[in-house]
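Asker: Sequence and predicted structure, then a few things I'm wondering about:
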Amino acid sequence: MQLITTLSDLREALRPARRAEAAIGLVPTMGYLHRGHMTLVDRARAENAVTVVSIFVNPTQFGPNEDFAAYPRDLDRDLELCRAHGVDLVFAPDVREMYPQPIETHVEVESLSDLLIGRQRPGHFRGVATVVTKLFNIAEPTRAYFGEKDFQQLAVVRRMVRDLSMRVAIVGVPTVREADGLAMSSRNVRLSAEERQAAPVLHRGLAAAAARFADGERDVERLLATLTATIGAEPSIALVSADLCDSATLRPVERVGPAPAVLLVTARLGAVVLIDQMELVTEEGP
Ligand SMILES: Nc1ncnc2c1ncn2[C@@H]1O[C@H](COP(=O)(O)OP(=O)(O)OP(=O)(O)O)[C@@H](O)[C@H]1O
Ligand SMILES: CC(C)(CO)[C@@H](O)C(=O)[O-]
Ligand code: BAL
């Protein structure tokens, strides 16, 4: 496995694969890797000749009062995990390498970036779409892997790739959870013991609403009431948002079905903001 920190070195390292027309899988991350990331890596390894993991805490997707500085980082531990999972190249540039001067060109998916998390984090998805475009231009992957945990981000990336005719195939990977249901996330390490104890209620709320849906409930207000009441029973959690949206457009739905819908939740536990999601798909399917 090779650790690469410059754009030119990554392009050079990928030259043999490109000459051989070998498939390149890219897993973009912000590091502090966990089993959720490694499911993306394992998928990339299974489907490509070369697997690249990028580790870059992208400053342009964090707002002024967000946790860029506090975001967990441990490159040595990340490299050990990547080595153990057979990653070929780890691309871990510093901010100066990715942004040698302030950039004036931005990518933004208009219809998907200012609602839901985009309303809570103005400019976030412009930062995400722009840095992912840079990563795609640098690595020129055959496939790129993103988690369904960041459901809105995945929708933004899919729409960007479609709109800009990018040649990369986007692969969505289901959310990986702890045994108690909490979605694995780098930010979980910042939870206090009490907050960690309370955090699984996010998943419990989603599961309770999904169970009502499976029992035939199609009324959006009732499904959201189940979600919010379950989470609201946990006093140490501040619910930021709970939405039931069309999975493709992320617009609120009046009733669920037949198009797939998704429950999206954001909550604050002390200084940590966590997100989670759960899709609701009717038997009729899409
Ligand atoms: N539990 C998980 N299951 C599936 N994919 C995940 C999971 N956690 C992260 N990912 C995916 O890994 C990629 C990198 O995410 P990132 O590095 O931001 O980690 P993270 O765990 O989402 O951290 P945080 O949410 O705290 O920023 C993203 O595509 C993300 O959706
Ligand atoms: C996709 C990504 C690596 C872009 O910085 C980040 O948003 C993330 O880790 O989800
Ligand atoms: N996966 C989350 C990326 C962020 O919070 O910036």
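Answerer: Thanks, I have the structure now. Ligands and ions are numbered 1, 2, ... in the order given.

Asker: Helices of the stretch 51-200 of the chain, start to end?
Answerer: Counting by DSSP state H, counting those that start in this stretch, the stretch 51-200 of the chain has these helices, from start to end: 75-84, 95-98, 110-113, 117-120, 124-139, 151-163, 193-198.

Asker: how about the residues of the stretch 151-286 of the chain that lie near ligand 1?
Answerer: For the stretch 151-286 of the chain, the residues in contact with ligand 1 (C-beta under 6 Å from any ligand atom) are 173, 175-176, 183-187. C-beta coordinates here come from the backbone N, C-alpha and C atoms, glycine included.

Asker: Would you mind measuring from D163 to R204?
Answerer: Distance of D163 to R204, given as C-beta to C-beta, to the nearest Å: 37 Å.

Asker: swap in A225?
Answerer: Taking C-beta to C-beta as the measure, A225 falls 15 Å from R204.

Asker: S54 and T29 touch, don't they?
Answerer: Yes. S54 is within contact range of T29, at 6.4 Å (criterion: C-beta atoms under 8 Å).

Asker: Give me the more crowded residue out of the two.
Answerer: Neighbour count, other C-beta atoms under 10 Å: between S54 and T29, S54 has more, with 27 against 24.

Asker: dump the residue contacts of the residue of the stretch 101-250 of the chain found nearest ligand 1.
Answerer: Ligand 1 sits closest to G147 of the stretch 101-250 of the chain, with a gap of 2.1 Å, by C-beta to the nearest ligand atom. Neighbouring residues of G147 by C-beta atoms under 8 Å, 6 or more residues apart in numbering: 36-37, 40, 154, 172-176.

Asker: got it, and V109?
Answerer: By C-beta under 8 Å, 6+ apart, V109 lies in contact with 125, 129, 156, 159-160, 163.

Asker: Can you flag the buried ones in those residues?
Answerer: Among the contacts of V109, the ones that count as buried by 16 or more other C-beta atoms under 10 Å are 125, 129, 156, 159-160.

Asker: Show me the two of those that sit farthest apart.
Answerer: F125 and R159 (10.3 Å; C-beta to C-beta).
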